[in-house]
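Chemist: Need a 3D model of the following:
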Amino acid sequence: MKMEIVNEEELKKEVETEVKPQEKQVKEISNLAKENTNEIMDLDLENLNEKRKMIKSIDEFAMDTMQNSSRKNSLLQTTIGNLSKEGEEGSTVSNSLADLHREIKDLDPSLINFTEGSFLQKIINPIRRYFEKYEKADSVIKDILVSLEKGQNTLKNDNTTLDIEEGALRELTKKLNNELELGMAMDEQITARLEIAKSEGIEEEKYKFVTEEILFPLRQRIMDMQQMVVVNHQGIVAMEVIKRNNRELIRGVDRARTVTVTALRTAVMVASALYNQKIVLKKIDALNTTTSNIIANTGRMLKEQGVEVQKQATSATVNPDNLKQAFQDAISALEDISTFKQEALPKMHETINQFRELAEVGEKEIARLESADNAEKE
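Modeler: Okay, here's the model as predicted:
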């Protein structure tokens, strides 16, 4: 399988090699050229019917193939001209691809700020506004995809037509090359035989007849055939180029319908998820701030209360009743702390469970995304 890009020169060489006569055919052509040359050189000039028959055979040599090639090339000029327009600016496929590019670029979520905290965004939810815009564009994108699919089918049909036309032209060119090979072999052998005959004293009239009535028109026909072969090669190469361009457009449409549109929809979903995550993060941040403030305030209160206890314990004028009351207050404070801890434990356990559940949900979501990603790669 060839995956590299083939330029026009390489394509021409490939076509020339394919339509050239094979080794077996060359041998057959050489033998036929010998037979024809012998017949020409052995011709009886007194026999007018034989002379006319010989001249006619030279005049008609390869004419059918050349006329068919000429008609085929004339038709192909119109066909190729029309088909090649499908890939140009202004065609259905090109316009649809341009429209799709404009719609997707307009919906790029990376160009929209979902997080800016302006007064207007407090009134109008940015993600809701973006999705309303996306829903409106989605129907337009669907219509564009339908148009692309139609254009893609047209390109496939065009390539089928080109395959048939190219096959017919290749067969004509193969036949023309075989006839050209025969003509050149006859030219070479007739020329060689004339040189020998001239040295042996060939009749002037026969020499003039063979050179003027046979060799001269034969060489004219060979030149015409060579030109027609080149024209046919150009036609085949032109069709190959258009078919390859069409295949690239077909693949481009497939990518637009699958990769590009899927990427857009994925980007929209990710933008929505990130926006929702930001809302949750703000709530978690607020909860953490409140918790930190509570802990700081509790520590400050315990510190102040501890200092007061120390002052009372070291005071020289402490009343026993007051001291007793202080101990009772201290014990009561410790009991309050113990009660606070006992009541806080279930809430702390519940908070821990909630965070664990959130973590499990997150891990499952990550595992699901990784599984989907691996499946897509496979």
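
Chemist: quick one: average confidence on the helix or strand harbouring Glu165?
Modeler: In this assignment (DSSP states H and E), Glu165 forms part of helix 126-199. The pLDDT scores in helix 126-199 average 85.

Chemist: That one: what's the following helix or strand?
Modeler: Past helix 126-199, heading to the C-terminal end, the next element that is a helix or strand (DSSP H and E) is helix 204-208.

Chemist: who touches that next one?
Modeler: By C-beta atoms under 8 Å, 6 or more residues apart in numbering, the surrounding residues in contact with helix 204-208 are 43, 45, 194, 197-198. To be clear about C-beta, it is placed using only N, CA and C from the backbone, and glycine gets the same treatment.

Chemist: returning to that earlier point: which other helices and strands does the helix holding Glu165 contact?
Modeler: In this structure, helix 126-199 packs against helix 8-19, helix 23-41, helix 63-84, helix 92-106, helix 204-208, helix 216-255, helix 261-314, with contacts taken as 3 or more C-beta pairs under 8 Å, 6 or more residues apart in numbering; DSSP states H and E.

Chemist: gap between Arg368 and Val361?
Modeler: Relative to Val361, Arg368 is positioned 11 Å away (criterion: C-beta to C-beta, to the nearest Å).

Chemist: Now list whatever residues contact both of those two.
Modeler: For the pair Arg368 and Val361, no residue contacts each of them under the criterion C-beta under 8 Å, 6+ apart.

Chemist: Show me how the protein divides into domains.
Modeler: As assigned by automatic domain parsing, the chain contains the domains 8-270, 318-378.

Chemist: Could you tell me the least trusted of the ones you listed?
Modeler: domain 318-378 (a mean of 64).

Chemist: count of neighbours near the nearest residue to Thr260 once chain neighbours are set aside?
Modeler: In space, not counting the residues next to it along the chain, Thr260 is nearest to Ile104; the distance is 6.5 Å by C-beta to C-beta, 6 or more residues apart in numbering. With neighbours defined by other C-beta atoms under 10 Å, the count for Ile104 comes to 18.

Chemist: Going forward, the N-terminal residue is numbered 17.
Modeler: Noted, 17 is the first residue going forward, which turns the last one into Ile120.

Chemist: ok, now how distant is Ile120 from Val109?
Modeler: Distance of Ile120 to Val109, computed by C-beta to C-beta: 16 Å.

Chemist: Give me the nearest residue to Leu188, chain neighbours excluded.
Modeler: Counting by C-beta to C-beta, 6+ apart, Ser85 is the residue found nearest to Leu188 once chain neighbours are left out, at 5.0 Å.

Chemist: doesn't Met244 make contact with that neighbour?
Modeler: Yes - taking C-beta atoms under 8 Å as the definition, Ser85 is a contact partner of Met244 at 5.3 Å.

Chemist: any residues in contact with both of the two?
Modeler: Common contacts of Ser85 and Met244, defined by C-beta under 8 Å, 6+ apart, comprise Leu192.

Chemist: host element of Phe77?
Modeler: Under the criterion DSSP H and E, no helix or strand holds Phe77.

Chemist: What residue, apart from its backbone neighbours, is nearest it spatially?
Modeler: Arg237 (5.5 Å).

Chemist: same question, Pro233
Modeler: For Pro233, the nearest residue in space outside its immediate sequence neighbours is Ile74; the separation is 5.2 Å by C-beta to C-beta, 6+ apart.

Chemist: Could you measure from the one you found over to Arg260?
Modeler: Using C-beta to C-beta, we find Ile74 at a distance of 41 Å from Arg260.

Chemist: With neighbour numbers in mind, choose between those two.
Modeler: Ile74 (19 against 14).

Chemist: List the residues that contact the more buried one.
Modeler: With contacts defined as C-beta under 8 Å, 6+ apart, Ile74 is in contact with 229-230, 233-234, 237.

Chemist: about what we covered before: surely the residue nearest to Thr276 is in contact with Thr278?
Modeler: No - taking C-beta under 8 Å as the contact criterion, Ile120 and Thr278 are not neighbours in contact, 11.2 Å apart.

Chemist: Can you report how many residues lie near Leu231?
Modeler: For Leu231, the tally of surrounding residues (other C-beta under 10 Å) stands at 18.

Chemist: likewise Asn65?
Modeler: A count of neighbours around Asn65, defined by other C-beta under 10 Å, yields 7.

Chemist: From Ile71, how far out is it?
Modeler: When C-beta to C-beta is applied, the distance between Asn65 and Ile71 equals 11 Å.

Chemist: Tell me how far the residue nearest to Phe77 lies from Asn248.
Modeler: Following C-beta to C-beta, the distance that separates Arg237 from Asn248 is 16 Å.

Chemist: Compare the two and say which is more crowded by neighbours.
Modeler: In terms of neighbours (other C-beta under 10 Å), Asn248 is the more surrounded of Arg237 and Asn248; the figures are 25 against 21.
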